[in-house]
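Engineer: curious how this folds, go ahead:
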Amino acid sequence: MILILMGFLIWYLLHWVGRLRTIEQMKDDFTHNMTHELKTPVAVAYSAADSMLRYYDQSDEARNKQFLKIIMQRLSFLSGMIENILSMSMERFKTMKLNIEPVAIKPIVEDVSGMMGLKADKPVDINIDVPDNLSVRADSLHLGNILSNLIDNAIKYSGNSVNIDIKADDRSITIADNGIGIEKGNLPYIFDKFYRVTSGDRYEAGGYGLGLFYVKQIVKLLGWSIDVTSKPGQGTRFTLKFKSDEER
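Structural biologist: Okay, the predicted model is just below:
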């Protein structure tokens, strides 16, 4: 009887040690991924401020306003990211309220693309094919965050030069890149919280932790859907559909 009790206690202790290790690993992943997510707006704001300090020209008011606008937009993005951190649990997403209103798509796409290109450490060519008068009912802050995540991933998971095509119509937005692609076996899991592809450079880049999880949850709250197609060496295409297939 004593041996049985000791065996149970040992099993129980091993079980809790394993569970504590799992929790600790989740904490480490959260810290790593959230730090990664916050680096982008900080890097963009830093680059804009550095450019103003190094090459300040009092007579070039338009240029100065452009950089100040970028800095303010990234500070606004950081504020949104703080809210995102607070909303990372599924329960918060269920009760989260979006500010739904008509949003012009092209200005948001252009702003986000410009900031992602400024922050990139390699050549980035982003082709935008979005009608000038196209709008959709959405939350402008979260739509910008969605596009930031998808474009940032397209840049990170590409080679020495990046080509991204962004197209939109009244049904959807697509973001397609010429990147390294995603293995078929990983595709079902890329929207899971804390999931990261664990092969080669994609793990080292640190993506697919919280960014795509956030994208998926906001897309669901908007009543939209998101599809992804990808092949290793041939790039990846994300499609945001403004209405789910069931509503069409």
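
Engineer: tell me which element the closest residue to residue 120 other than its chain neighbours is part of?
Structural biologist: Excluding the flanking residues, the one nearest residue 120 by C-beta to C-beta, 6 or more residues apart in numbering is residue 155, at 5.2 Å. The C-beta positions use only the backbone N, C-alpha and C, and glycine is treated the same way. Assigned by DSSP states H and E, residue 155 belongs to helix 140-156.

Engineer: so which residues of the protein form helices?
Structural biologist: 2-54, 61-86, 90-95, 105-119, 140-156, 201-205, 211-221 (DSSP state H).

Engineer: lowest-confidence stretch among these?
Structural biologist: Mean pLDDT per stretch puts helix 201-205 lowest among the helices of the chain, at a mean of 45.

Engineer: the spatially closest residue to residue 148 that is not a sequence neighbour and residue 118: what is the separation?
Structural biologist: Excluding its sequence neighbours, the residue lying closest to residue 148 (C-beta to C-beta, 6+ apart) is residue 112, at 5.3 Å. Per C-beta to C-beta, to the nearest Å, residue 112 is found 11 Å from residue 118.

Engineer: and the two? Which one has more around it.
Structural biologist: Higher neighbour count among residue 112 and residue 118: residue 112, with 24 against 16, using other C-beta atoms under 10 Å.

Engineer: give me every residue that touches that one.
Structural biologist: With contact taken as C-beta atoms under 8 Å, 6 or more residues apart in numbering, residue 112 is in contact with 144, 147, 148, 151.

Engineer: from memory residue 57 sits against residue 51, does it?
Structural biologist: No - using C-beta atoms under 8 Å, residue 57 is not in contact with residue 51; the gap is 10.7 Å.

Engineer: more neighbours, those two?
Structural biologist: Taking other C-beta under 10 Å, residue 57 and residue 51 do not tie; residue 51 has more neighbours (16 against 9).

Engineer: mind listing what the closest residue to the more buried one other than its chain neighbours touches?
Structural biologist: Nearest in space to residue 51, with sequence neighbours left out and distances taken as C-beta to C-beta, 6+ apart, is residue 67 at 6.0 Å. Contacts for residue 67 (C-beta under 8 Å, 6+ apart) come out as 48, 49, 51, 52.
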